[in-house]
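Chemist: no FASTA, just this:
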């Protein structure tokens, strides 16, 4: 079975961090938040790959790329990289894999041949339209331990972290 976080080991790790940093002028709660944010994202992406995405040969990065294209439609590869949160080079590899599966296609820009535009194929749209309701049901089950209000609060808190570097702290609702 792939590695999952053991609650006892997690608490021990946090205790070790507190011991190592005791007396230091750092904000331990912020560090704990960052660590758990990373752990949570890793658990979600690994479990999604293992439990739902592997059935159709998708990685987490490929899934997120399809999601972005499904929601916003065709876009240039640089914007896709920004939306997915990956480097352009990594997105190129993901895009090429999705092209081999027949899920996306690209075209060069008319005015600037260096520009690459990416869009879902008809097959990609069908595959994602079928996958997304299953992914959403899986996600709902994953977050089943949280109430609707807690889930909304968590989303707002995480959005605040995402947009804080831009100088905006209010969630966009």
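Modeler: Noted; the coordinates are in hand. These figures come from a predicted structure and were not determined experimentally.
Chemist: these two touch, right, residue 64 and residue 80?
Modeler: No - taking contacts as Cβ atoms under 8 Å, residue 64 lies outside contact range of residue 80: 9.8 Å. Bear in mind the C-beta positions are built from the backbone N, C-alpha and C, glycine included.
Chemist: these two - which one has more neighbours?
Modeler: Neighbours per residue (other Cβ atoms under 10 Å) separate residue 64 from residue 80, with residue 80 holding more: 27 against 20.
Chemist: who touches that one in this structure?
Modeler: Going by Cβ atoms under 8 Å, 6 or more residues apart in numbering, residue 80 touches 65, 68, 69, 91, 95, 118.
Chemist: could you rerun that using 7 Å?
Modeler: 65, 68, 91, 118 (Cβ atoms under 7 Å, 6 or more residues apart in numbering).
Chemist: now, which of these sits nearest residue 164?
Modeler: Of all the contacts of residue 80, the one with the least separation from residue 164 (Cβ to Cβ) is residue 68, at 21.9 Å.
Chemist: that closest one reaches residue 83, doesn't it?
Modeler: Yes - using Cβ atoms under 7 Å, residue 68 is in contact with residue 83, at 4.6 Å.
Chemist: ok, the two, which is more surrounded?
Modeler: residue 68 (21 against 17).
Chemist: so which strand or helix has the more buried one?
Modeler: helix 60-72 (DSSP states H and E).
Chemist: and that helix, what's its mean pLDDT?
Modeler: For helix 60-72, mean pLDDT is 97.
Chemist: now do the buried residues in that helix.
Modeler: 60, 61, 62, 63, 64, 65, 66, 67, 68, 69, 70 (16 or more other Cβ atoms under 10 Å).
Chemist: same deal with stretch 88-100?
Modeler: Result for stretch 88-100 [16+ other Cβ under 10 Å]: buried residues 91, 92, 94, 95, 97, 98.
Chemist: same question, stretch 42-54
Modeler: 45, 47, 48, 49, 52, 53.
Chemist: still on that earlier bit, ok, so of the contacts of residue 80, who is nearest residue 156?
Modeler: When the contacts of residue 80 are compared against residue 156 (criterion: Cβ to Cβ), the nearest one is residue 68, at 21.4 Å.
Chemist: so how far is residue 36 from the closest one?
Modeler: Separation of residue 68 from residue 36 (Cβ to Cβ, to the nearest Å): 26 Å.
Chemist: could you do residue 26 as well?
Modeler: Relative to residue 36, and taking Cβ to Cβ, residue 26 is found at 16 Å.
Chemist: if you count surrounding residues, which of those two has more?
Modeler: residue 36 (13 against 10).
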